[in-house]
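> Provide a 3D model corresponding to the input given below.
(chains A and B)
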Amino acid sequence: MSNFRAFLMGGGLALATLTTASAQELPEPAKQDWSFYGAFGTYDQAALQRGFQVYREVCAACHSMSLLAYHDLSGIGYTPDEIKAIAASVSVPDDPDDTGEIKDRPGRPSDRFKAPFPNEKAAAAANNGAVPKDLSLIVRGRKYGPDYIFALLTGFKDPPPGMKMANGMNYNTAFPGNQIAMPPPLSDDRVTYADGTKATLAQEAHDVVTFLSWASDPHLEERHRLGARVIIFLAAFSGVMYGVKRKVWSKVAH
Amino acid sequence: MAHTKTPSTFQNPVIRWVDDRLPIFTMISKEYGVFPTPRNFNYLWNFGALALVMLVIMIITGVFLAMQYTPHADLAFDSVDRITRDVNGGWLLRSLHANGSSMFFLVVYIHIFRGMYYGSYKRPRELLWLFGAAIYLLMMATAFLGYTLPWGQMSFWGATVITNFFTALPFVGKAITTWLWGGFAVANPTLNRFFALHYLLPFVIAAVVFLHVWALHVTGSNNPLGIEPKSDKDTLPFHPYYTMKDLFGMSVFLLIYAVIVFYIPDYLGSPDNYVKANPLVTPPSIEPEWYFLPFYAILRSVPSKLLGVILMFGAVVMIFLMPWLDTSKVRSAKFRPWYQWCFWFFAFDSLLLGLVGSQHPEGIWILLGRIGTLYYFGFFLILLPFLGWFERTLPLPASISESVLGGGKLASSAVAAKPMEKA
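Numbering: from 1, shown residues only, chains lettered A, B, ... in the order given. So this is what the prediction gives:
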């Protein structure tokens, strides 16, 4: 599609969204307890792996995470062999062979997460016209971040009496405008956790949001560690420089 | 000068050899060593040096980011994500650069307000002020261009809104906007040229900073009293007095900067910019970065688009005109009781306009935006010229040293004001 046409259509769509969904303010979601919040926050490794399991078994049916590669999973504690096995569980198109034919091959750790649909049109066609969002940066890309995603995943309710729902839409307390195309993805015992944790809706949501937070911000722990050192250094250096400045100026009236 | 050459006095033979041929060490010593500087600076005089520190940080981090960045509409967003995700230390570079723009503006705003309070723009420092205002204008352009580069939703729609200002120009507006875009909408050609210009302008800024500092070293610095140094008793050598004071200030400043970079890197940005640019979807609200909000409020304070754009650019022009709008001969607000009130109300007004700029233009915010805009221009165009004629200023002290030292013990302090010997 030409950019110009896209732009014109954008204007029309913008008007449409302005009059419906975004006319409503985003309700502030309830605050959850996240291990990665605060100056010394770190990701809970067990929650990350459980969250990846939820993503892989539930979300990945519709949602891509195209900015992550399989080898990135070393960041949530998987060994190289485990990563190889996870990557090999999908098949991806290989480079053209010597005859120019493109065959499928098992995935490698360097491959990006395989998307569930070949393109946006296919994704829209399979999902009642709505394209499922890529989840690589979903937490950083939303106001209230993890609290919002958690509220969304646990916010599916029956619509209040008298509310007219559009065709195929679902009622959600956290979503702006309360009508979302995504059907409720999680429920109690939707997955069976490998580590035996009881899979309640809240547990699943909490785990997958932890995983998605890590995916949005994989260097958070390194950032917090380095930050502490830099701040200790600068605080000490400020103290030293204050002493030097006082000493230098003590000889003159000012 | 070339004809009355004096042999260099440096002890080190290598330095002397260089200095006899290119007196760069003499210059450094003259401009940053023994340079006579008013002895009564407060900490607000740290912010010029801090602005230079920020410019250097921005250029260095920017050059390294550019090595990994792809200025193409289809690839830019992913390449920025790759920098934060995969490039070694990339998350740090990007956080330093993205939050650096906020810190740069913060420092420069304090620097400008300090100049306004103490009358640093007045004769003979008008040209110095003009260079400073030019730097600020160039910074605004650079920041706007740079914000487009990650090609997120707010990048794209911000660029669309800002470039659309030019369509308000009568007759030529549409043609100019098409020319700026390199097409009929913000798209790949726009991103390409914005990247080229974003890389170019910081070096133009560096050149104007050179002129700014040069002009400063001709007139010398203003000071909190706003009176010129009259004798050696009024000044101290720049080194070590102000080098050490600036280093202390810089360290405290970097500490605050580090807290943001390491602990709240997304606090000043919009989450919408972590969503890839999509011409089909408008974000719920399009809002500039905090440092542009007062101008955004002025733009929206009038219903006419053309008038709004004129007012917005006029708001920046006011800063350029300040040396000629202010008719008072007294520099420092310390001795101008009425101006002092007007100044603090102007500072409050700027913050108010910033708040108005962050709100949806409805209800009380429209009225507040109009009152704020009225006072903004009233301050420059009415208060500054007329206060100079009506205001009864307080008596100025005879000299800096008299004010600082209270008249006594001048002799002993003058001796102590000699440059410290190297330990």
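> quick one, what contacts residue 208?
Here I'm looking at chain A. Contact partners of A:Val208, counting by Cβ atoms under 8 Å, 6 or more residues apart in numbering or on different chains, are A:Gly51, A:Val54, A:Tyr55, A:Val58, A:Cys59, A:Leu153, A:Leu186. All C-beta spots, glycine's among them, are computed from the backbone N, C-alpha and C.
> was after chain B, sorry
The contact partners of B:Val208, taken as Cβ under 8 Å, 6+ apart, are B:Phe131, B:Ala134, B:Ile135, B:Leu138.
> Roughly how far does the last one sit from B:Ala207?
Read it as B:Leu138. Counting by Cβ to Cβ, to the nearest Å, the gap from B:Leu138 to B:Ala207 is 10 Å.
> what's around the residue in the stretch 201-350 of chain B that chain A sits nearest to, how many residues?
Relative to chain A, the nearest point of the stretch 201-350 of chain B is B:Phe262 (2.7 Å; Cβ to the nearest Cβ). Neighbour count of B:Phe262, defined by other Cβ atoms under 10 Å in any protein chain shown: 23.
> how about it, secondary structure?
Taken by DSSP: H, G, I helix; E, B strand; the rest coil, the conformation at B:Phe262 corresponds to helix.
> quick one, phi psi at the closest residue to it other than its chain neighbours?
Spatial nearest neighbour of B:Phe262, excluding adjacent residues (Cβ to Cβ, 6 or more residues apart in numbering or on different chains): A:Gly227 at 2.7 Å. With angles defined as degrees, to the nearest 10, A:Gly227 sits at phi -60, psi -40.
> list the buried ones in the top helix by length along chain B?
Ordering each helix of chain B by length in residues (DSSP state H) puts helix B:188-219 first. Judged by neighbour count (16 or more other Cβ atoms under 10 Å in any protein chain shown), helix B:188-219 contains these buried residues: B:188, B:190-191, B:194-195, B:197-199, B:201-202, B:205, B:208-209, B:211-212, B:215-216.
> what's the offset of that helix from the middle of its chain?
12 Å (Cα atoms, centre = their mean, to the nearest Å).
> Is the helix or strand following that helix positioned near chain A?
Next helix or strand after helix B:188-219 toward the C-terminus (DSSP states H and E): strand B:235-237. Yes: residues of strand B:235-237 are located near chain A by Cβ under 8 Å from any Cβ of the partner chain, namely B:Leu236.
> Nearest to chain B: which residue in the stretch 101-250 of chain A?
At 2.7 Å from chain B, A:Gly227 is the closest residue in the stretch 101-250 of chain A, using Cβ to the nearest Cβ.
> ok, the residue of the stretch 201-350 of chain B closest to chain A - contacts?
Here B:Phe262 is in contact with A:Arg223, A:His224, A:Leu226, A:Gly227, A:Ala228, A:Val230, A:Ile231, B:Ser95 (Cβ under 8 Å, 6+ apart).
> Over the longest helix of chain B, what's the mean pLDDT, rounded is fine.
Mean pLDDT, computed over helix B:188-219, is 97.
> what about the helices in the stretch 101-250 of chain A?
Applying DSSP state H, counting those that start in this stretch to the stretch 101-250 of chain A gives helices spanning A:120-126, A:145-153, A:201-216, A:220-249.
> So for the third one, what gets flagged as buried?
By neighbour count, with 16+ other Cβ under 10 Å as the criterion, the buried positions of helix A:201-216 are A:201, A:203-216.
> cool, and stretch B:313-333?
Buried, per 16+ other Cβ under 10 Å, within stretch B:313-333: B:314-315, B:318-323, B:325-326, B:328, B:330-333.
> The residue in the stretch 51-200 of chain B positioned nearest to chain A: neighbour count?
Across the stretch 51-200 of chain B, no residue is closer to chain A than B:Ala185, which sits at 3.8 Å (Cβ to the nearest Cβ). Neighbour count of B:Ala185, defined by other Cβ under 10 Å: 22.
> how far away is it from B:Trp157?
11 Å.
> ditto for A:Ala235
Taking Cβ to Cβ, one finds A:Ala235 at 40 Å from B:Trp157.
> quick one, which of those two is more surrounded?
It is B:Trp157, of A:Ala235 and B:Trp157, that has more neighbours when counted by other Cβ under 10 Å, with 24 against 14.
> Within the helices and strands, which one has that one?
Going by DSSP H and E, B:Trp157 is in helix B:153-164.
> between that helix and helix B:188-219, how many degrees?
80 degrees (axes from the mean of the first three to the mean of the last three Cα atoms, to 10 degrees).
> Check which helices and strands helix B:153-164 is in contact with.
When contacts are defined as 3 or more Cβ pairs under 8 Å, 6 or more residues apart in numbering or on different chains; DSSP states H and E, helix B:153-164 packs onto helix B:126-148, helix B:173-181, helix B:188-219.
> Of these, which is nearest B:Phe379?
Taking Cβ to Cβ, helix B:126-148 is the member of the helices and strands packed on helix B:153-164 nearest to B:Phe379, at 16.0 Å.
> Buried residues in that closest one, which are they?
The neighbour-count check on helix B:126-148 (16+ other Cβ under 10 Å) flags B:128-139, B:142-148 as buried.
> Are there helices or strands packed against it, and which ones?
Right, helix B:126-148 is packed against helix B:90-117, helix B:153-164, helix B:188-219, helix B:305-325 by 3+ Cβ pairs under 8 Å, 6+ apart.
> Any idea how far the first one is from the middle of the chain?
Translated: helix B:90-117. On Cα atoms, centre = their mean, the centre of helix B:90-117 falls 8 Å from that of its chain.
> Then the second one?
A distance of 23 Å separates the C-alpha centroid of helix B:153-164 from that of its chain, computed with Cα atoms, centre = their mean.
> What sits closest to residue 145 if chain neighbours are left out?
No chain in the question, so chain A it is. Closest to A:Gly145 by Cβ to Cβ, 6+ apart is A:Val139, at 4.9 Å.
> I was after chain B.
Closest to B:Leu145 by Cβ to Cβ, 6+ apart is B:His198, at 4.0 Å.
> can you check B:Leu268 too?
B:Ser102 (4.9 Å).
> Show the pLDDT at A:Glu57.
96.
> Repeat that for the one 3 residues further on.
At A:Ala60 the predicted local distance difference test score is 96.
> Count the residues that sit near it.
A:Ala60 - counted by other Cβ under 10 Å - has 18 other residues nearby.
> go on, B:Trp341?
By other Cβ under 10 Å, 13 other residues sit near B:Trp341.
> what about it, helix or strand, and which?
Residue-wise, B:Trp341 maps onto helix B:337-357 under DSSP H and E.
> residues of that helix that come out buried?
So helix B:337-357, judged by 16+ other Cβ under 10 Å, has buried residues B:Trp338, B:Tyr339, B:Cys342, B:Phe343, B:Phe346, B:Asp349, B:Ser350, B:Leu352, B:Leu353, B:Gly354, B:Val356, B:Gly357.
> Grab the nearest non-local neighbour of the last one.
I take that to be B:Gly357. Using Cβ to Cβ, 6+ apart and skipping residues adjacent in sequence, the residue nearest B:Gly357 is B:Leu293, 3.3 Å away.
> In three-state terms, label that neighbour for me.
Going by three-state DSSP: B:Leu293 is helix.
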